[in-house]
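Participant: Dropping a prediction and its sequence here:
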Amino acid sequence: MEQRGSVNLALTVGMIGRGKDSQQRQDGVEYVVKKLCQHIRGVVTGDEWRKYEASKLDPSRIELFLDRKEIKSCVQKYLKLHPSHKDKTKAMILKNAANKAFGSGDNSGALHLYTQCLALMPHGTKDVAVVYANRSAALFHLQEYWLSKRDAELAFHLNYPTELHYKLFERLGRLAHGVEASRHFQAAIKALESSGLDELKMKKTKKVLEELRKNPAAIPHGFHQNQGK
């Protein structure tokens, strides 16, 4: 099963229960979860459980199970009966509203709107990755550092546009410290080559990233305390 297909299916499963007839769908979710647990207990090996525990991203963990024919079949059967209610037009309206809120400094409002947008945005397009990246920025400013890091990693996982990679690498650098931070800032510098920025802006951005790489700023207050919450 291709990686993107696994992730898209996994994220679609995550939206089951939304939209019309929510109570009926919720009953269906409980049923399908019960069935999935039965399949998982019967077919997943010890090695696969260890891989699951070693995975850091939720989509990667779900992929380990969706690669199993029996589990994938169970999920696909349910999705045919209960299609998700996606609406890109409404999602884009929410995205634009979220961007406006973020630009005005309303990070809480932006977070709420980005989350609503993700519930409606069809998967398999770059817009999903962009919204995760934007939500990561809002979370960063709200000092929800662990969640900001998770959304940034998800954006990469969902094929975030190459020309914008430098922005996410910089954020990951600011969410790390020491050698790890320097590594992210170095990746941001390299990613500038594909950014399409004009010469002057690229030069200014590179200078900032070089300074950060050589002397990483202290990690944001409370980041490590927030991990895993």
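Facilitator: Ah, there it is. Residues are numbered from 1 along each chain as shown.
Participant: what about stretch 183-201, start to end distance?
Facilitator: 22 Å (Cα to Cα, to the nearest Å).
Participant: in it, what counts as buried?
Facilitator: The neighbour-count check on stretch 183-201 (16 or more other Cβ atoms under 10 Å) flags 183, 184, 185, 186, 187, 188, 189, 191, 192, 195, 197 as buried. For glycine as for every other residue, the C-beta is placed from the backbone atoms N, C-alpha and C.
Participant: for it, the distance to its chain's centre please.
Facilitator: Per Cα atoms, centre = their mean, to the nearest Å, the displacement of stretch 183-201 from the mean C-alpha position of its chain is 22 Å.
Participant: Report the mean confidence score over it.
Facilitator: Taken as a whole, stretch 183-201 has an average pLDDT of 89.
Participant: so the residue nearest to the spatial centre of the chain is in which element?
Facilitator: In the chain, the centroid-proximal residue (Cα atoms, centre = their mean) is residue 154; its distance is 2.7 Å. For residue 154, the host element (DSSP states H and E) is helix 145-157.
Participant: can you give me the helices for the protein?
Facilitator: Shown for the chain, the helices assigned by DSSP state H span residues 3-14, 22-43, 46-54, 58-66, 69-81, 88-103, 107-120, 126-141, 145-157, 165-174, 178-191, 199-214, 223-226.
Participant: Now do residue 133: how many residues are near it, please.
Facilitator: 23 (other Cβ atoms under 10 Å).
Participant: Isn't it up against residue 164?
Facilitator: Yes: between residue 133 and residue 164 there is a contact under Cβ atoms under 8 Å: 7.2 Å.
Participant: follow-up on the earlier one: least reliable of the helices of the chain by average pLDDT, please.
Facilitator: Among the helices of the chain, helix 3-14 scores lowest, at a mean of 40.
Participant: Spit out the contact partners of residue 214.
Facilitator: By Cβ atoms under 8 Å, 6 or more residues apart in numbering, residue 214 lies in contact with residue 182.
Participant: Would you mind splitting the chain into its domains for me?
Facilitator: 3-81, 86-144, 161-229 (automatic domain parsing).
Participant: Point out the most buried one among these.
Facilitator: domain 86-144 (a mean of 18; mean count of other Cβ atoms under 10 Å).
Participant: how long is it from one end to the other?
Facilitator: 28 Å.
Participant: if we can go back for a sec, so what's the residue nearest to the centre of the chain closest to, chain neighbours aside?
Facilitator: Distances taken as Cβ to Cβ, 6 or more residues apart in numbering put residue 132 closest to residue 154, at 4.8 Å, once the chain neighbours are dropped.
Participant: Please name the residues that touch the one you found.
Facilitator: Counting by Cβ under 8 Å, 6+ apart, residue 132 touches 118, 151, 152, 154, 155, 158, 160.
Participant: What separation do you get for the fourth one and residue 134?
Facilitator: In this structure, residue 154 and residue 134 are 12 Å apart, going by Cβ to Cβ, to the nearest Å.
Participant: And for the last one?
Facilitator: The gap separating residue 160 from residue 134 is 11 Å, by Cβ to Cβ.
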